[in-house]
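# Take this sequence and fold it.
(chains A and B)
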Amino acid sequence: MKNFIVSLFGPDIQVELADGSRRPLNAFMVPNAIFTIAALILVASTFLPYWRMEMTAPQYPKGLSVDVYVNRLEGDMREIDALNHYLGMPPLDEGGRLERSLSLLAIVSIGLILAASVFVHNQFALLLALPILAFPFIFLADLWYILYTYGHSIDPTSALGGAIKPFTPPLIGAGAIGQFGTSSSLEIGFFLSLLAGVVTLIGLYFHRRAYKPVVEARKHAAAQATAVKA
Amino acid sequence: MKKLILLCAIVLVLAAIIMACGPGRQTPTRESAVGGTTSQAGLSADAAQVAAERGLSPDDVTAALKTFMPSGQLDPYIMFASGGQGGQVLVVGVPSMRILKLIGVFTPEPWQGYGFGGAGNAILAQGKVGDNEILWGDTHHPGLSETNGEYDGQFLFINDKANARVAVIDLKDFATKQIVKNPLAINDHGGSFVTPNTEYIIEGPQYAAPLGWEYSDIANYKEEYRGVMTLWKFDRATGRIDPAQSFSIELPPYFQDLCDAGKKVSDGWLFCNSFNTELATGGVEDGNPPFEAGTAKNDTDYLHIVNWKKAEELYKAGKVETIKGMPLIRLDTAAKEGVLYFTPEPKSPHGADVTPGGEYVVVGGKLDPHVTIYSFDKIQKAIAALNEGTMTKDEFGVPVLSLDSTMEAQVELGLGPLHTVYDDKGYAYTSLFLDSVVARWTLGGPYQGLHPEEPWTLVQKLPVQYNIGHIAAAEGDTSSPDGNYVVALNKWSIDRFANVGPLLPQNFQLVDTSQTGDTMKVLYDMPIGMAEPHYAQIIKADKLAPLEVYPVGTNPETMQQDPNAITGPDQAKVVRNGNNVEIWMAVVRSHFTPEHIRIKQGDHVIWHFTNLEQTRDATHGFALPGYNINLSLEPGKTETIEFDANMSGTYAYYCTEFCSALHLEMLGYFMVEPN
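Numbers count the residues shown, from 1 in each chain, chains lettered A, B, ... in the order given. Here you go, the predicted model:
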């Protein structure tokens, strides 16, 4: 078995640390591989919805829904906008326009920043992992802000604008607007972005396992050198 | 290495856990109307009380249940019935017998805005006779488009007997798209039915007239009056009849009646009966026998047997004369070239109906108590045996095949057999007008094993109320009929409905034909209070796939993107060019954009409307008082109206289809300043 693996991957390469101890090269490759997976998961999440709102009313037996992706909206925006104009609410497309336009660039950047940790061989790699860890929470905060802005931009001159109090549609769970019941939920794309964070944490663990001995060996060697000089 | 594999495993497990913990999709649930109580046996106390009060028999209760569709449940069949003098088509759900739609065809229809300013005006104008606008029609026989002898649910065709016109209805939106006027005939009857792959839509003739209805006294009947059968080429890609590839066949003035296309073994042939081989010309006022007597003098008339593939060859080979733009295969050519044959049939018959496999043609006797069954195989053998020296010809030179050589069987059914349809159990159903019954009888030959009875025998006569004309069976004109239901199209209703004055509704009766033997029962009476339908076809509902909404900017006449469509209210505008005022209007809940239009008396107005909605049923109307304008703007539709603003004044235009809570507020002002 071992021979077979060796025949496939070649012989195990050892790295000699500053203090003369040896570590297998793969120990250093593992965190990079995991970070790559994390970045890919995050990129994959852009193809899937992050958040969804469903609306039900007697005259909509199939309901209405909007799926929010990091870079676009899908679903019954046309009809929801048609209804919302009575309330004087802005078109759905106006919410988070800047965020949507930048999201793909941002996500690629987040992935590249994480990948840069390949070149950081100490604990500062954590800093490069922060964007991918923070991303889902930034998304949530921004979505809440968009929903808040949306529910607080009611045009008082619209047909029903005077009758509606400003409100914030719920981020998760049930709500009600007029004859509509709403139900919002986080969707698979969001959970994939969380997963990307979890995988990053695992990667950090292996990163630490790989490089802590390096840092310590370096310290140790430096200390010895100092001791020798002294 | 092991650690790597372990790590991958961890990631996969984590992913699985996270996905499993994902939010349960909170799909909106509707309370089902079905379930729960359906398993309950017997009648509830309430139902038992209703049954007792109305004196309902167990059969009545069963019939009620068989036709009852609870709210939200859809019918498995859709029936397209002609609207008779209404010039329309009725769309009816079967077995609930609920009217779903009335399609304006030859007649303006305000609900659909058909003929009140929009695209319908152009379609109705195609149906002009000479310079005369004809704004009604006598729709007779709807024909669904077929692929391999099966209804394909794409198009419906219907003829106007009164003016010899055929209309095309696109089943994408259940709306009329085209009307063609036959340039040679002034009335028709034996249409519209289609060849098995809708290569042609057949328009069979009725009352003979000189070709192109030129003037000629009836004293010249035999010399100059003719019947004309037209094969309209259907172009499936465009969804329209192509008159440039259509042709006609000249027939003797025999008053051809109902026709049908052969299928499967008889594909390539058409069959048509006739009822005036006597060449009666009427004139009761001059002491002549009236038409009713004159046309019924001979014991037999002629079943017309037409080889349409041969006719198509002749047309393509140019063996035609073009009259009024219509290529015509002359009668002598048709007789000589093997396009047309006759065989005797009981006098003044009705119906010439081809069995599902195409083996037989059944002719109803009308004045004879039998149906006569002709074998296509025997007809072919008789044609092959024709010999120029010995063959019998009629007075127009058409070969006549003897009845003995073509007939397979006769079945005595009763008085007034008219029209025959088929099921999946080897039964035929014939309407008996005088007896007022639906007769079920057995087919022989390949159908013999499908039913328990002897072949060619009467099985049951089911009384219907009253005077049944045509009869329709579920998928009954196809190569594979369904056999669950037959609808009797009764001409008289007499005592079946509340008295609504001397003009009575027609009565469609739904007949249960699901079991073999003498088990047919009437399930339901459906009053038709708007016209006298003639024939109907019943298609499986799941074969129909109409649009839910039009893509935004669809022109209903072309079914293509309209060049004057707009995609948002921001594109709405009014452009003046001299005395021409062109308006692009956006229509969406619940306002028109623009809401103020100021023009001058005498201006020529071109007004485009686009309904920007994409939600089902979000239809708007547009009514302009004083100018006879009313449009139906279904979601996505673009319409254009054009008129001269000849009257000054102030006109509030408004939405005529209740669209929202603010529907009444959906209006605008059209201000026409006097000169």
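
# and the longest strand along chain A, anywhere near chain B?
In chain A, assigned by DSSP state E, the strand with the most residues is strand A:60-68. Yes: using C-beta under 8 Å from any C-beta of the partner chain, we find that strand A:60-68 touches chain B at A:Pro61, A:Gly63. In this view, the C-beta of every residue, glycine as well, is placed from N, C-alpha and C.

# which is the next helix or strand following that strand?
The element immediately downstream of strand A:60-68 (helix or strand, assigned by DSSP states H and E) is strand A:73-75.

# Kindly indicate whether the residue lying closest to B:Tyr221 once chain neighbours are set aside is helix, strand or coil.
Closest residue to B:Tyr221 apart from its sequence neighbours, by C-beta to C-beta, 6 or more residues apart in numbering or on different chains: B:Thr281 at 4.8 Å. Using DSSP: H, G, I helix; E, B strand; the rest coil, the secondary structure recorded for B:Thr281 is coil.

# in stretch B:132-142, what's buried?
For stretch B:132-142, the neighbour count (16 or more other C-beta atoms under 10 Å in any protein chain shown) marks B:Ile134, B:Gly137, B:Asp138, B:Thr139, B:His140, B:His141, B:Pro142 as buried.

# can those residues go into TSV with extra columns for distance to B:Gln178?
Listed next are the buried residues of stretch B:132-142 as TSV, based on distance: C-beta to C-beta, whole Å:
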residue	distance to B:Gln178
B:Ile134	15
B:Gly137	14
B:Asp138	18
B:Thr139	15
B:His140	18
B:His141	17
B:Pro142	15
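
# Now render those as CSV, adding distance to B:Leu231 and pLDDT.
Formatted as CSV, these follow (distance: C-beta to C-beta, whole Å; pLDDT from 0 to 100):
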residue, distance to B:Leu231, pLDDT
B:Ile134, 23, 97
B:Gly137, 21, 97
B:Asp138, 22, 97
B:Thr139, 20, 97
B:His140, 18, 96
B:His141, 16, 96
B:Pro142, 18, 97
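
# And the residues you listed, which is closest to chain A?
Nearest to chain A among those: B:Pro142, at 30.9 Å, using C-beta to the nearest C-beta.

# so who does the closest residue to B:Gly444 other than its chain neighbours touch?
Nearest residue to B:Gly444, sequence neighbours excluded (C-beta to C-beta, 6+ apart): B:Pro455, at 3.0 Å. By C-beta atoms under 8 Å, 6 or more residues apart in numbering or on different chains, the residues touching B:Pro455 are B:Ala409, B:Thr442, B:Leu443, B:Gly444, B:Gly445, B:Tyr447, B:Gln448.

# For the first one, pull up the helix or strand it's in.
Applying DSSP H and E as the criterion places B:Ala409 in strand B:407-412.

# For that strand, buried residues please.
In strand B:407-412, counting by 16+ other C-beta under 10 Å, buried: B:Met407, B:Glu408, B:Ala409, B:Gln410, B:Val411.

# for B:Gly649, phi and psi?
Backbone torsions of B:Gly649, given as degrees, to the nearest 10, read phi 140, psi -170.

# That one: what's it in contact with?
Counting by C-beta under 8 Å, 6+ apart, B:Gly649 touches B:Gly626, B:Val672.

# what separates it from chain A, distance-wise?
For B:Gly649, the distance to chain A equals 29 Å [C-beta to the nearest C-beta, to the nearest Å].

# Residues in a beta bridge with B:Lys393, which ones?
B:Pro399 (DSSP bridges).

# How about residues contacting stretch A:7-22?
Residues outside stretch A:7-22 that contact it (C-beta under 8 Å, 6+ apart): A:6, A:23-26, A:28, A:213-214, A:217-218, A:220-222, A:224, B:1.

# near chain B, which residues of chain A?
A:5, A:9, A:26, A:30, A:33-34, A:37, A:54, A:56, A:61, A:63, A:76, A:78-79, A:82-83, A:85-86, A:159, A:172, A:174, A:181, A:183, A:185-188, A:191, A:194-195, A:198-199, A:202, A:206.

# rewinding a little: quick check, the residue nearest to B:Gly444 in a strand?
No: secondary structure of B:Pro455 (three-state DSSP): coil, not part of a strand.

# So for it, what's the pLDDT?
Reading off the confidence values, B:Pro455 has pLDDT 97.

# so what pLDDT did A:Asn26 get?
With respect to pLDDT, A:Asn26 has a value of 85.

# residues touching B:Gln509, list them.
B:Gln509 sits next to B:Val464, B:Gln465, B:Val487, B:Ala488, B:Asn490, B:Val522, B:Leu523, B:Tyr524, B:Asp525, B:Met526 when contact means C-beta under 8 Å, 6+ apart.

# circling back: tabulate the contacts of B:Pro455 (JSON lines), appending distance to B:His596.
Putting these into JSON lines (distance: C-beta to C-beta, whole Å) gives the following:
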{"residue": "B:Ala409", "distance to B:His596": "75"}
{"residue": "B:Thr442", "distance to B:His596": "72"}
{"residue": "B:Leu443", "distance to B:His596": "69"}
{"residue": "B:Gly444", "distance to B:His596": "75"}
{"residue": "B:Gly445", "distance to B:His596": "73"}
{"residue": "B:Tyr447", "distance to B:His596": "70"}
{"residue": "B:Gln448", "distance to B:His596": "75"}
